[in-house]
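Q: when you get a sec, could you give me coordinates for this:
(chains A and B)
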Amino acid sequence: MKLKIFKYDPAMDAESRYIEHEVPFKDKMTLLEAIVWVHENKEMIAFDYSCHGRMCGRCAMMLDGTPVLACCAPITNKDHTVEPLKGHTVIRDLIVDKSAFGDRLSKQYQRIRTEPIKPGEINKFDAAVAPTIYDMANCTRCGVCDAGCPVLAEKPSQYAGPATMLAIAYRFLDSYDQADRELEAVSKGLYHCIMCGNCDKVCQRFEIKHVEAWKMLRAAAEKRNLKPSYAK
Amino acid sequence: MDEDKKNISESGEEKSGVSRRGFLKGVAASAVGAAAIGIGGMGFLGGCSSGSSATSGSKVVASGDAKYEIINTDLLIIGAGFGALSAAFQAVDKGLQIAIVDKGPFRHGGGAGFNWDVISTWETQLGKESRLKNIVNQKIYYNATTTDPYNTANSDMAVTLLNRGECFPDRNSDGSIHWYINYPMVKGVEGSFPRNYHDALLKSPNVTVYDRTMITDILINDGQCVGAMGIYLPTGDFRVYRAPATILSTGGSCWFYGWNTVQANSINSTDNTGDVDMAAFRHGLGIGDSEYASYDFATTYPTGLGFGWSTMLNPDANEYFTICDKDGNRLVTKENGIDLQRITYDRVYFNQEVAKLLLAGKATADGGILVDVNGVKLRPPIKRNIPVFERFGVDVTKEKIPAREEMYEHGGTPVIDEKMMAEVKGLFCVRGAGVFGAGGGSCVSVNNRMGSYAARCAIEYIENMDKISKIDFTPAETEYARIHEIRTRNVNGGLRPHVVRHKIQQACGTCMGIIRQKDKLEAAAKELARIRQEDMPKMIVSNQSKTYNTEWKEAIENYNLLDLAELAVQATLMREESRGTYLRPDFPQKDDANWKCMLVGRLKDGKIFFEKKAMPEVTQW
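A: Residues are numbered from 1 along each chain as shown, chains lettered A, B, ... in the order given. Below is the predicted model of the structure:
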């Protein structure tokens, strides 16, 4: 199979380009294996990974236009194009700068309370939502969902994107959190989402049900009459 | 906040330069140039007194101009994992302005940058039995435990972790916490996720994070560690961090152990290559516990998913019944002579017994096992991996999947005293030698415990340290020259860094698992010596750009991996007994008379020398 890979070193190159290499295919090959093969046998490629197992989110990139985690993306025996993750500045080749994205998410994930949790409260939690929050906690913050979101691409100033929305949903379900997460979700574009489900499709943490979470947030918002006029 | 970039021309003259910032939060560390040293928060004047010009008399750097930024902080923390975060929470609680240097992107580096379902455990009573079965420096652990403000009595650690953003989503139907472990001395929960701590720490205005920054050396002046230095990877810029005290809390390096298609025989991070531990080693500091490591089993098929914690099956002592021999029969059974009670609490016993069975002809052709999860209730995080296999056309409930031991932690860290300080003043090591001893590396609960203790020790040191009267940045210039020589080296028939690395990994892959045979250890020692002599001088970087040059990074790391690998292999050979989580078939027994000690490796005249060091025992628990 032939791999066409994006190359760009802003310190050296006038503009980006693609390199192409024949890669020997093997059954049950991952995209990361194919990239490592090119790097080791053909020419140097700047790419990044740490956990090699669906946890760190550092190997997120585009495979034939679809955002994937290279470590667990199966690759087929035909020609493919590999590009850096959409929506971020390229540092070099397949390495992008996700630090602003990560900072925004960190802030969104911070729990807000009037005072710290007390020892007597450790056993107080809404058991009905615990399994859902357990699923959501597995988000790797890789940015694949945002890179695959058509609304974020079209209206980045109106919709914060699925990764941020999931963080809001997470703290909405967190029994210890006291912030107004329904308002926050609506203000960050909950109703701009077209419910296409592409975030569910591209996310590699299969237990996270994004669209279900958006429905839950909308129901909660509507209970409080927070549905915006443009959505009515 | 000031941040001066200092340019030193070949004539040694100083020029002012442009400040460049690559960190996440810009409010904390007071960063200074050389001529006017600023004063950090809280009045810790120790490392922040007025300094003389740093560069007077500085030598010309062979590879061109040495350009570097100098960044000042009250306390430098290298690493951003469980131990580092624990230290950081303690330090900001005490009002210090701290700088965290993370090799990976913050929240995505090392083991705590894996957003995985960690079983968090903690001791609920002081006890000699809890963590002190192996050769652990009991005094350190006693000191840490008796002064820990975050884990004082029955379930206070639960409160601490909840207040660091955790939800503990594994709940009973009444909403109470479901204790995964609930022994008289130890409690534990499933479903804790370390990124909660990163998020929570960033609430503090006292934290500045410098991420994607690889520390390549510590800064030592007159026998005192006054900071560290390294490369900001996105641009290749060199940075020097100045601090009255430095806490080293990077993870154990397992990356020297074997090589497959994209991974070592380890779930551990690509980041963890022992960079700072080995920098300390090259400064002559003693390194202990190099022979010890921690192991689980990991599936190795499909190859790309192997050894990935969220892409594999993970049979360990808790899921012993999924482990099968080469013929698909259960391996860990009473019939095979295994005490099934003991394996639940004695990992050394479990590993050594499995090793004996594998040696006795039960292993698959590649020395591993088969895993059968048909009809088995798996832990939630492992059960979640089954759809990944399905995407590759593998049904793990119908096929037995090949697996082998994987090294998830490793020792090989600086020797520390009872106050966590290495053999140079001002350097504190959260997982220093003796903290986990024969247990091999460390674990989440110990990192939580020792991290905050290291911070308390560092603060006490800062409060009492002598004023620094002179600062000398010559070592930074030497280090700058070293790493840029690696980047710009030209050799006929040069070897790219991955070629050299895979040779190190393959040499250790034969002998650093749970079975360590003498002939293989000796062959590995010989091969590592050959790599050092023949391959390392020929190692070249094929592309010399400084922009996120992963080859350059890999080449620098190879020096650390090679040092660590040699320490590990040689210490194993020297220790003629079976004490840790591995078996030496030629010395299958534990031998307290000769080997109840730490082996400390030290570099002298380019050679490693080992000495035995006795560990203090505590009687007043």
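Q: quick one: the residue most central in space within chain A and chain B, what's the gap?
A: Among the residues of chain A, residue A:143 comes closest to the average C-alpha position under C-alpha atoms, centre = their mean, at 2.7 Å. Distance of residue A:143 to chain B, given as C-beta to the nearest C-beta, to the nearest Å: 11 Å. For every residue, glycine as well, the C-beta is placed using N, CA and C.
Q: how near is that residue to residue B:616?
A: 48 Å (C-beta to C-beta, to the nearest Å).
Q: just residue B:510 next, same as before
A: 36 Å.
Q: and if you look at residue A:21?
A: From residue A:21 over to residue B:616 the distance is 58 Å, taken as C-beta to C-beta.
Q: neighbour count for those two, which is higher?
A: Of the pair residue A:21 and residue B:616, residue A:21 is the one with more neighbours under other C-beta atoms under 10 Å in any protein chain shown, namely 17 against 12.
Q: per-residue pLDDT, the more buried one?
A: At residue A:21, the pLDDT value in this model is 98.
Q: so what strands line up beside the helix or strand hosting it?
A: Take DSSP states H and E as the rule and residue A:21 turns out to sit in strand A:17-22. Partner strands for strand A:17-22, per DSSP bridges, with pairing direction: strand A:2-7 (antiparallel).
Q: from the contact counts, what lies against the longest helix along chain A?
A: Identified as the longest helix of chain A according to DSSP state H is helix A:210-223. When contacts are defined as 3 or more C-beta pairs under 8 Å, 6 or more residues apart in numbering or on different chains; DSSP states H and E, helix A:210-223 sits against helix A:162-173, helix A:181-187, helix A:198-202.
Q: which segments of the chain make up each domain?
A: In the absence of a named chain, this looks at chain A. The record assigns chain A these domain ranges, following automatic domain parsing: A:2-97, A:99-231.
Q: the chain in question should be chain B.
A: With automatic domain parsing as the criterion, the domains of chain B are listed as B:1-288+B:411-545, B:293-409.
Q: tally of neighbours for residue B:318?
A: 15.
Q: that one and residue B:340 touch, don't they?
A: No - counting by C-beta atoms under 8 Å, residue B:318 does not reach residue B:340; the two are 11.4 Å apart.
Q: relative to residue B:80, how far out is residue A:71?
A: 21 Å.
Q: ugh, wrong one, I meant residue B:468
A: As defined by C-beta to C-beta, residue B:468 lies at a distance of 27 Å from residue B:80.
Q: higher neighbour count, those two?
A: For residue B:468 versus residue B:80, the count of surrounding residues by other C-beta under 10 Å is larger for residue B:80: 32 against 21.
Q: wait, isn't that one in contact with residue B:113?
A: Yes - checked against C-beta under 8 Å, the pair residue B:80 and residue B:113 is within contact range at 7.1 Å.
Q: which neighbours do these two have in common?
A: Among the neighbours of residue B:80, those also in contact with residue B:113 (C-beta atoms under 8 Å, 6 or more residues apart in numbering or on different chains) are B:102, B:104, B:106, B:107.
Q: out of those residues, who's near chain A?
A: Counting by C-beta under 8 Å from any C-beta of the partner chain, the subset of these that neighbours chain A consists of B:104, B:106, B:107.
Q: let's see which of those end up in strands.
A: With strands defined by DSSP state E, no entry of these lies inside them.
Q: now these as CSV including neighbour count?
A: Converted to CSV, those look like this (neighbours: other C-beta atoms under 10 Å in any protein chain shown):
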residue, neighbour count
B:104, 23
B:106, 26
B:107, 30
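Q: deepest of the domains of chain B, which one?
A: Burial among those, expressed as mean neighbours by mean count of other C-beta atoms under 10 Å in any protein chain shown, is greatest for domain B:1-288+B:411-545, which shows a mean of 21.
Q: which residue of chain A sits farthest from its center?
A: Here, in chain A (C-alpha atoms, centre = their mean), the farthest residue from the centre turns out to be residue A:120, at 35.7 Å.
Q: got a list of what the residue in chain A that chain B sits nearest to touches?
A: Nearest to chain B in chain A, going by C-beta to the nearest C-beta, is residue A:53, at a distance of 2.0 Å. Going by C-beta under 8 Å, 6+ apart, residue A:53 touches A:71, A:72, B:114, B:267, B:305, B:307, B:308, B:309, B:310, B:311, B:312.
Q: from those residues, pick the one nearest residue B:259.
A: Ranking the contacts of residue A:53 by separation from residue B:259, with C-beta to C-beta as the measure, puts residue B:307 on top at 10.7 Å.
Q: now do the contacts for that closest one.
A: Applying C-beta under 8 Å, 6+ apart, the residues near residue B:307 are A:52, A:53, B:260, B:263, B:264, B:265, B:266, B:267, B:298, B:300, B:406.
Q: just flag the most distant two among those residues.
A: Between any two of those (C-beta to C-beta), the greatest distance is 13.3 Å, for A:53 and B:265.
Q: out of the helices and strands packed on helix A:210-223, which one sits most buried?
A: Across these, averaging neighbours per residue (mean count of other C-beta under 10 Å) puts helix A:162-173 on top, at a mean of 24.
Q: just how off-centre is that one within its chain?
A: Relative to its parent chain, helix A:162-173 has a centroid offset of 12 Å by C-alpha atoms, centre = their mean, to the nearest Å.
Q: helix A:210-223 and that one, what's the angle between them?
A: Orientation check (axes from the mean of the first three to the mean of the last three C-alpha atoms, to 10 degrees): helix A:162-173 against helix A:210-223 gives 60 degrees.
Q: ok so, going back, setting aside sequence neighbours, what's the nearest residue to the residue of chain A closest to chain B?
A: By the measure of C-beta to C-beta, 6 or more residues apart in numbering or on different chains, the closest residue to residue A:53 outside its immediate chain neighbours is residue B:308, 2.0 Å from it.
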